[in-house]
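Q: Below: sequence and its predicted model.
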Amino acid sequence: MTKRRRFTDDFKAKIALEALRGDQTLSQIAARHKLHPNQISQWKLQALEGLSGVFSSGKRGMQPSDMDAKIKDLHAKIGELTVERDFLSRGLGR
């Protein structure tokens, strides 16, 4: 029994771009990369569906000011947990 192959996102994007370019048929691309043409068709459709998100004007990820606030909150939480750990370890006599 053969194992299922896993492909990176970069590889999928590369193959989808080849298919979108239209220089070669899906069968030719599939034969060269040892894939099934249906798999290439799926990746091509996923690329087309996700393409509108590239040009959307909405936020993509966190803004630097949001990241600073998040980092500050995380540092505060680390401080709380450190104090709590030290208190409990003293109570256990370690």
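A: Sure, I can see it.

Q: From here on, just use CA atoms for contacts and neighbour counts.
A: OK.

Q: Model confidence for Ser57, exactly?
A: pLDDT recorded at Ser57 is 63.

Q: Arg90 too?
A: 88.

Q: Over to Thr25?
A: 94.

Q: how far away is the closest residue to it other than its chain neighbours from Ser65?
A: The shortest distance from Thr25 to any non-neighbouring residue, by Cα to Cα, 6 or more residues apart in numbering, is to Ala19 (7.4 Å). Distance of Ala19 to Ser65, computed by Cα to Cα, to the nearest Å: 40 Å.

Q: who has more neighbours, the two?
A: Neighbour count, other Cα atoms under 10 Å: between Ala19 and Ser65, Ala19 has more, with 21 against 9.

Q: OK, contacts around the more buried one?
A: By Cα atoms under 8 Å, 6 or more residues apart in numbering, Ala19 lies in contact with Thr25, Leu26, Ile29, Ile40, Ser41, Lys44.

Q: now the host helix or strand of it, how far from the chain's geometric center?
A: Per DSSP states H and E: Ala19 is located in helix 9-21. Here helix 9-21 is found 16 Å from its chain centre; the criterion is Cα atoms, centre = their mean, to the nearest Å.

Q: next one: stretch 76-83
A: The answer for stretch 76-83 is 30 Å, by Cα atoms, centre = their mean.

Q: For that stretch, give the mean pLDDT please.
A: Mean predicted lDDT for stretch 76-83 stands at 94.

Q: Output the contacting helices and strands for the helix or strand where Gly53 lies.
A: Assigned by DSSP H and E, Gly53 falls within helix 37-54. Packing contacts for helix 37-54, counted by 3 or more Cα pairs under 8 Å, 6 or more residues apart in numbering; DSSP states H and E, involve helix 9-21, helix 26-33.
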